[in-house]
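K.L.:
sequence plus predicted model, see below.
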Amino acid sequence: MSAKLWDRRYAAVPGLYGEAPNDFLQAQARLLKPHSRVLCVGDGEGRNGVHLAELGHDVVALDVSEVALTHARELAERRGVHLETWHVDLAHYIELGDPPKPWDAVVCIFVHLPMPLRRAVARELTRQTAPGGRLLLEAYTPAQLALGTGGPKDPSLLVTRADVVDDWGDGWQLDVRLVERHVREGSGHTGLASVVQAIGLRLA
């Protein structure tokens, strides 16, 4: 979906995926070292980035939708935390070079991209992450199409366990699992879902 389509979607349904953090992220955030510099990729309206900021991390929420990021900043203000927002398409982001400081953690929650871009993003973010940094990733698998409880309808945007290993296997120690679980995130993700979850440790 283009930036304009995402803008219209978030404008029509504020809180599309709710304000609570993703369950997987919430459970695994304990793995992040204190005061980590965290990049939340495709963070939408900021539910995950704000949660991490509340835990004391230095968070950048990146998204293609300016409408979503406006909502993210409003959520951060209501929660009394600072959230840095970057309005940029990932296809452009990977051409920008190094961030001001390396990332201590990269969070990718339901970020579904065409395969060539998905792989290029993984490689660039791997390069930008400091040794000892963490990866937390959750995405819908092809089995999600039969469940119909959220996520892309285009099968080429869904990912398998092998896809995640291929994308992130170079430079990370990975734990990648296939899971069926109930997802309750606003009206956008609701019901039994088929997901792949990955926890990564950036190698030196």
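P.N.:
In hand now; what should we look at? Residues are numbered from 1 along each chain as shown.

K.L.:
skip the chain neighbours and tell me the closest residue to D175.
P.N.:
I199 (4.7 Å; C-beta to C-beta, 6 or more residues apart in numbering). Bear in mind the C-beta positions are built from the backbone N, C-alpha and C, glycine included.

K.L.:
is it true that the one you found lies in a strand?
P.N.:
Yes: assigned with DSSP: H, G, I helix; E, B strand; the rest coil, I199 falls within a strand.

K.L.:
tally up the residues packed near it, please.
P.N.:
17 (other C-beta atoms under 10 Å).

K.L.:
could you pull up the residues touching the residue nearest in space to the middle of the chain?
P.N.:
In the chain, the residue lying closest to the centroid (C-alpha atoms, centre = their mean) is C108, at 2.4 Å. Shown in contact with C108 (C-beta atoms under 8 Å, 6 or more residues apart in numbering): V41, G42, L135, L136, L137, E138, A139.

K.L.:
which of the residues you listed fall in strands?
P.N.:
V41, L135, L136, L137, E138, A139 (DSSP state E).

K.L.:
does the closest residue to the first one other than its chain neighbours have beta-bridge partners, and which?
P.N.:
Take V41 and drop its neighbours on the chain: the residue closest to it by C-beta to C-beta, 6+ apart is C108, 4.8 Å away. Here C108 shows beta-bridge partners V41, L137, assigned using DSSP bridges.

K.L.:
now do C108 against R79, distance only.
P.N.:
Taking C-beta to C-beta, to the nearest Å as the measure, C108 falls 22 Å from R79.

K.L.:
now, of the ones in strands among the contacts of C108, which are buried?
P.N.:
For the ones in strands among the contacts of C108, a burial check counting by 16 or more other C-beta atoms under 10 Å picks out V41, L135, L136, L137, E138, A139.

K.L.:
of these, closest to G49?
P.N.:
Nearest to G49, judged by C-beta to C-beta, of these is V41 at 10.0 Å.

K.L.:
quick check, the closest one in contact with V106.
P.N.:
Yes: the pair V41 / V106 is scored as a contact, 6.7 Å apart, by C-beta atoms under 8 Å.

K.L.:
so what sits against both of those two?
P.N.:
L125.

K.L.:
contacts only, for the nearest residue to Y140 once chain neighbours are set aside.
P.N.:
Closest residue in space to Y140, ignoring its immediate chain neighbours: G151 at 3.8 Å, by C-beta to C-beta, 6+ apart. Listed by C-beta under 8 Å, 6+ apart, the contact set of G151 reads F110, H112, Y140, Q144, L158, H189, A193.
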